[in-house]
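# Turn this into a model:
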Amino acid sequence: MTVEVQAVGVTCNLGCTYCYQNTMRDTGESYVKDYDLGKIKTQLEHYNSQFTLYGGEALLMPIEDIEELWKFGYERFGSNGIQSNGVLWTQDHIDLALKYKAHVGISVDGPGELNHLRWSGTKEKTDRNTKKTHDNIRKLCESGVRVSLIATLHTVNATKDKIPVMKEWFKELEAMGVVASRLHLLEVDNDLVKEKYVLSTEEIIYAMTEFSDFADNELTSMTFDVFDDMNKLLRGDDNVTCVWTNCDPYTTSAVQGIGGDGSMHNCGRADKDGVMWLKADQQSWERYVTLPLIPQEYGGCKDCRFWLMCRSQCPGTSIDGDWRNKTEHCEVWMTLFDSLETKMVDNGEMPLSLAPELPELEKRFALMWQNGDRPFMSPLLDDIRNNKPLQSISDVSGTHGDGHGDGHGDGHANSNEGGHGNQPHGNQPHGDHVDSSPPPEVIHGDSHGDGHGDGSAFTGDSERLPERVTRQHGDKPHGDSHGDE
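Predicted coordinates for the structure are as follows:
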């Protein structure tokens, strides 16, 4: 579970063109006149969990208030986190991050003009702020602060001609000491922005394939968590960021937001109508019970062999913003899973998507979702391999705790560190939200452990592959047409 302290609401010093929080600003949700540190700390005591300072832009808080919360976090949990666009950092902030062991997530889309959608009002000011962000990344790394980042992909930074520039930029960041990056697919709720800045499906697939090969062949210390997560899922390990782990958009159990008045909020990616809704009283799994029953051409996931790996990604990316639909990036993820699956087979591994255990695993997941429980791959796979029937559902639900994935998927550029993936979302959650969560050993702790079957579970048995591919997809590599994509 990731706890996000959003004392300043969605108030921000930038005006990113694509920020998913713009709908909240339009409804006045960004204007926080006062916040109560006492009420915030009371909620933190209730959750008894490490937390991330979040916004809008978290550094809009006075530095003495940041220190008060980080002192509290360090004394209670041993570390802290913050998500930021990187512009407002001073040496005093850096010193605090070192003193209170704060992991820093920075959202930035590239060097120079490639970062122009993270807008500051004019081209000149935007360029100055982009330079400030890069200078501050360097200072943070040189000071010994752990830094990761999020880059949102769009027509300004990820077309075919821009990808070589981005690769060189990632090499420079790796040399600085940036530990992880998340590549976020642009999520926009504004039709005009979508028309101008969203890459086509073909362009996204090209870019993501290029970055996947780049990570495998040219990076040595910095990781892209999206590909790490996908490989883990293909190995039967769903200890990954939350975008892959069946989120209920009305409870968002992996992300607990604390407002300035101590109120509890859901993950911002689920707030499509500009309102920070309060949490529902209980979790429910209708999305994951129904999507495998609905044909793909009607917005479902029926007969997709990657269903349990993908689970139709974050409900915040659903077609038309409706969580009852599959993700609008279905074809992208299916193509990438297919490519990674092929690489595993070529290396002598049996990916879960082609493994004999898959039909029974899908059946057990469905039964548990229908029962209102939250299943996880590792214990169920162990039971299947040991010929243990699904008896008491409570014995296998919640084995890893509710915070599976520990975060937003967006923020946590490195899935091994938990978190806020996309963070995405523009300047924040999914844009400015990057690996701002605590380190891996703290985030996942005992709830997941290390031994999720890391890839050796499905080796061999390669002669089964043609049969599985044919049965699941018929004559087409990806089954039914993706009419909604």
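
# My guess is Tyr54 contacts Gln83. True?
Yes. Using C-beta atoms under 8 Å, Tyr54 is in contact with Gln83, at 5.0 Å. From N, CA and C alone the C-beta is placed, and that goes for glycine too.

# What ranges does the stretch 101-250 of the chain have for its helices?
Applying DSSP state H, counting those that start in this stretch to the stretch 101-250 of the chain gives helices spanning 123-143, 163-176, 191-197, 201-217, 225-234.

# And for the first one, what's in contact with it?
Residues from elsewhere that reach helix 123-143, judged by C-beta atoms under 8 Å, 6 or more residues apart in numbering: 14, 85-87, 89, 91, 94, 97-98, 104, 106, 108, 111-113, 115-116, 118-120, 147, 149, 173, 176-178.

# So for that helix, mean pLDDT?
Regarding helix 123-143, the rounded mean pLDDT is 96.

# And that helix, how far out from the chain middle?
24 Å (C-alpha atoms, centre = their mean, to the nearest Å).

# So which bits of it are buried?
The neighbour-count check on helix 123-143 (16 or more other C-beta atoms under 10 Å) flags 126, 129-130, 132-134, 136-141 as buried.

# got a markdown table for these, with distance to Glu360 too?
Below are the buried residues of helix 123-143 laid out as a markdown table (distance: C-beta to C-beta, whole Å):
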| residue | distance to Glu360 |
| --- | --- |
| Thr126 | 53 |
| Asn129 | 53 |
| Thr130 | 51 |
| Lys132 | 54 |
| Thr133 | 49 |
| His134 | 50 |
| Asn136 | 51 |
| Ile137 | 47 |
| Arg138 | 51 |
| Lys139 | 53 |
| Leu140 | 47 |
| Cys141 | 47 |
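
# which one of the residues you listed sits closest to Met309?
Lowest distance from Met309 to the buried residues of helix 123-143 (C-beta to C-beta) belongs to Ile137, with 32.4 Å.

# what sits against Thr252?
Counted by C-beta under 8 Å, 6+ apart, Thr252 has contacts 266-267, 269-270, 279.

# Give me the below-cutoff pLDDT ranges for this protein.
1, 20-33, 189, 270-276, 391-485 (pLDDT under 70).

# Identify, from the contacts of Thr252, the entry nearest to Leu291.
Nearest member of the contacts of Thr252 to Leu291, counting by C-beta to C-beta, is Ala270, at 16.5 Å.

# re the thing from before, which one, of the helices of the stretch 101-250 of the chain, ends up nearest to Arg182?
helix 225-234 (5.4 Å).

# returning to that earlier point: just the buried residues from the contacts of helix 123-143, in PyMOL please.
In PyMOL, this line selects whichever of the contacts of helix 123-143 come out buried by 16+ other C-beta under 10 Å:
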select buried, resi 14+85+86+87+89+94+97+104+106+108+111+115+116+118+119+120+147+149+173+176+177+178
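
# Send me stretch 83-100 as CSV with only the CA atoms.
Below are the C-alpha coordinates for stretch 83-100, written out as CSV (Å, rounded to 0.1, in the frame of the first residue of the first chain):
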residue,chain,number,x,y,z
GLN,A,83,6.9,13.2,-5.9
SER,A,84,7.9,16.4,-7.7
ASN,A,85,8.3,18.0,-11.1
GLY,A,86,11.9,19.0,-10.0
VAL,A,87,11.7,22.7,-10.5
LEU,A,88,11.5,24.1,-7.0
TRP,A,89,14.3,22.1,-5.3
THR,A,90,16.9,24.1,-3.3
GLN,A,91,19.9,22.9,-1.4
ASP,A,92,17.9,23.1,1.8
HIS,A,93,15.4,20.7,0.3
ILE,A,94,18.2,18.4,-0.8
ASP,A,95,19.7,18.5,2.7
LEU,A,96,16.3,17.5,4.2
ALA,A,97,15.9,14.6,1.8
LEU,A,98,19.3,13.3,2.9
LYS,A,99,18.6,13.8,6.6
TYR,A,100,15.3,12.0,6.5
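
# How far off centre is that stretch?
23 Å.

# With stretch 230-242 instead?
12 Å.

# Over to stretch 334-354?
22 Å.

# same question, stretch 144-156
13 Å.

# what's the answer for stretch 205-223, then?
18 Å.

# Go through it and flag the buried ones.
205-208, 210-212, 214-215, 219, 222-223.

# now swap in stretch 221-238 and tell me
222-238.

# hmm, back to that, and which of the contacts of Thr252 is nearest Thr2?
Using C-beta to C-beta, those come closest to Thr2 at Cys267, 8.8 Å.

# Nothing else from me, thank you.
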